[in-house]
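**Q** fold the following.
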Amino acid sequence: MAHLVETMAFTGQTPWHGLGNQLTPHQPIEVWAQQAGMDWRIESSDVSYMAQNHRGQNIIMPFEEQRVLYRSDTHAPLSVVSQRFQEVQPKEILEFYRDLTEQSGFELETAGVLKGGKKFWALAKTGQSKALKGNDVSNGYILLATACDGTLATTAQFTSIRVVCNNTLAIALKSQNN
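**A** From the prediction side, this is the model:
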């Protein structure tokens, strides 16, 4: 299961792994959030641990430098982070595209959640494409992705890779660094 897709939505061609909810073009951000599984929030709680006092009793102690991030819908843990860590909410990733899709002609093509919610992305067509030799077409996209497990800082970039899973996300991010 190298694709690591938990949930996703897409328009156009079905992704290679056959997963996700197919949407008709020009759906509102709210539909994308629900169908891509991005309609939850990252919550946090202080970290604590259990120790024994001098009488052998268990006591709960705070660890104030860190907090645990968890999903609001399932309460599943996502990561332990420092107090300075600033999480980006799944819906914020989609909100980035609101003006681009409503006023600038961009069209959301894929969005989803990876690794149980630890990583998520959205990808929109820019409307620019190039015909290659033969019948191949290369589309231009804008990608916004983030992670709350320390594996990826929030990243926005142009790409020609159609992101549909963890593998294609890694390729798109790597291609930007070359």
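**Q** for the chain, where's the lowest mean pLDDT among helices and strands?
**A** helix 166-176 (a mean of 90; mean pLDDT, DSSP states H and E).
**Q** centre of the chain to that helix, how far?
**A** Its chain's average C-alpha position is 13 Å from that of helix 166-176, according to Cα atoms, centre = their mean, to the nearest Å.
**Q** I figured S138 hits S129, correct?
**A** Yes - with contact defined as Cβ atoms under 8 Å, S138 counts as touching S129 (6.4 Å). Using the backbone N, CA and C atoms, a C-beta is placed for each residue, glycine as well.
**Q** list the buried residues for the least confident helix or strand of the chain?
**A** N166, T168, L169, A172, L173 (16 or more other Cβ atoms under 10 Å).
**Q** what's it packed up against?
**A** strand 119-131, strand 137-147, strand 155-159 (3 or more Cβ pairs under 8 Å, 6 or more residues apart in numbering; DSSP states H and E).
**Q** what lies in contact with it?
**A** Under the criterion Cβ atoms under 8 Å, 6 or more residues apart in numbering, residues 2-5, 114-115, 119, 121, 143, 145, 152, 155, 157, 159-163 lie in contact with helix 166-176.
**Q** show me the contacts for L143.
**A** Contact partners of L143, counting by Cβ under 8 Å, 6+ apart, are W121, A122, L123, T155, A156, Q157, F158, T159, I161, V163, L169, A172.
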